[in-house]
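Participant: I need the structure of the sequence given here:
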Amino acid sequence: MAATENPQPPMAWRYCGNQIKLWRTRAGISREQLGKEANYEYDSVKSMEQGRRRPALRLLQVADELCGAHGLLLAAQDYLKPEKYQSYAQDFMAAEEAAVALHSYGALLIPGLLQTEAYARALIGGHCPPLDEETVDERVAARLQRQEKLTRRPPVLFSFVIYEAALRTVVGGPEVMKPQLHHLVKAGELRNVSVQVLRAGPASLAGLSGPYVLLETSEHEQYAYVEGQETGALYTDPGKLSALAQRHGMIRMQALGTEESARFIEKVAEEL
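Facilitator: Next comes the predicted model:
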């Protein structure tokens, strides 16, 4: 099992922040001075120097000039671009890339592989605490790039079960959600993709434990990915895989068939 909780900030942030501190100290410049010139509060400069916050380009530019680094600090900007994915999801993304079959259950949100750009942007842009625009753009682009797998040749087998609550949670407003629902129906028409809806009700208790993804690679490696609040775990343990596979089988049996699901999704869209 690979699991990450409370992940460390990227090494590039920490290294760059330490370099800013070293150059600043060598030049005899205080944090207050650097912050004033770069228009940042003392605590913001401290966070960037300690690597807890990504060093901003503006701070690099000002520090480079004030400390006489002659471009050595500015050279770090290419290594400080936002990560495409959350650090705890990196192993899952590698497994997903190698998958030949993927079975997903979405409890509260539309699965990332089926999100429209507007839905993804509303979701990522609404992250709490807020992300900077560059990070939002990078993560939206990465999510859309992942969707190329849906039409890859040779085809990958995808099956999605989506809980009714995810269809009725109006992310971004009706103007975003309605096209998103139509997109689900369109995706379900691909011959290697199935989309089913698990209706809310007494029979859907197996689906209340949260979302997950089951993966199989061409080497017949089996993975299960479970994500929560700021954490994610990629499992290979046979016991965990068996339990989630059994649960997924029950969920699929209780879900509407693909054609009935498409009609239900269209109905929800019409109600918006």
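
Participant: Could you list the alpha-carbon positions for stretch 149-158 in PDB?
Facilitator: Taking C-alpha atoms only, stretch 149-158 is exported to PDB below (Å, rounded to 0.1, in the frame of the first residue of the first chain):
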ATOM      1  CA  LYS A 149      -7.400   7.900 -22.300                       C
ATOM      2  CA  LEU A 150     -11.100   7.500 -23.000                       C
ATOM      3  CA  THR A 151     -10.400   7.500 -26.800                       C
ATOM      4  CA  ARG A 152      -7.000   5.900 -26.700                       C
ATOM      5  CA  ARG A 153      -6.100   3.100 -29.100                       C
ATOM      6  CA  PRO A 154      -6.100   0.200 -28.300                       C
ATOM      7  CA  PRO A 155      -9.100   1.100 -26.100                       C
ATOM      8  CA  VAL A 156      -9.100   1.000 -22.300                       C
ATOM      9  CA  LEU A 157     -12.200  -0.400 -20.600                       C
ATOM     10  CA  PHE A 158     -13.900   2.100 -18.400                       C
END
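
Participant: Need the contact partners of it.
Facilitator: When contacts are defined by CB atoms under 8 Å, 6 or more residues apart in numbering, stretch 149-158 is touched by residues 96-97, 99-104, 113, 187, 190-194. Every residue, glycine included, has its C-beta placed from N, CA and C.

Participant: Would you tell me which one of those comes nearest to residue 242?
Facilitator: Using CB to CB, residue 103 comes nearest to residue 242 of the contacts of stretch 149-158, at 13.9 Å.

Participant: Of the contacts of stretch 149-158, keep whichever come out buried.
Facilitator: With burial judged by 16 or more other CB atoms under 10 Å, the buried subset of those is 96, 99, 102-104, 113, 187, 193-194.

Participant: The residues you listed into TSV, with extra columns for distance to residue 166?
Facilitator: Compiled in TSV, those are given as follows (distance: CB to CB, whole Å):
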residue	distance to residue 166
96	19
99	22
102	17
103	16
104	11
113	13
187	14
193	17
194	16
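
Participant: which one of these sits closest to residue 227?
Facilitator: Nearest to residue 227 out of the buried ones among the contacts of stretch 149-158 is residue 104 (CB to CB; 11.2 Å).

Participant: Contact partners for that closest one?
Facilitator: Contacts for residue 104 (CB under 8 Å, 6+ apart) come out as 111, 113, 158-161, 211-214.

Participant: Which of the buried ones among the contacts of stretch 149-158 fall within helices?
Facilitator: Among the buried ones among the contacts of stretch 149-158, the ones falling in helices (DSSP state H) are 96, 187.

Participant: show me where the stretch 101-250 of the chain has strands.
Facilitator: For the stretch 101-250 of the chain, strands defined by DSSP state E, counting those that start in this stretch occupy the ranges 157-163, 193-198, 212-217, 222-228, 231-235.

Participant: Many thanks, I have nothing further to ask.
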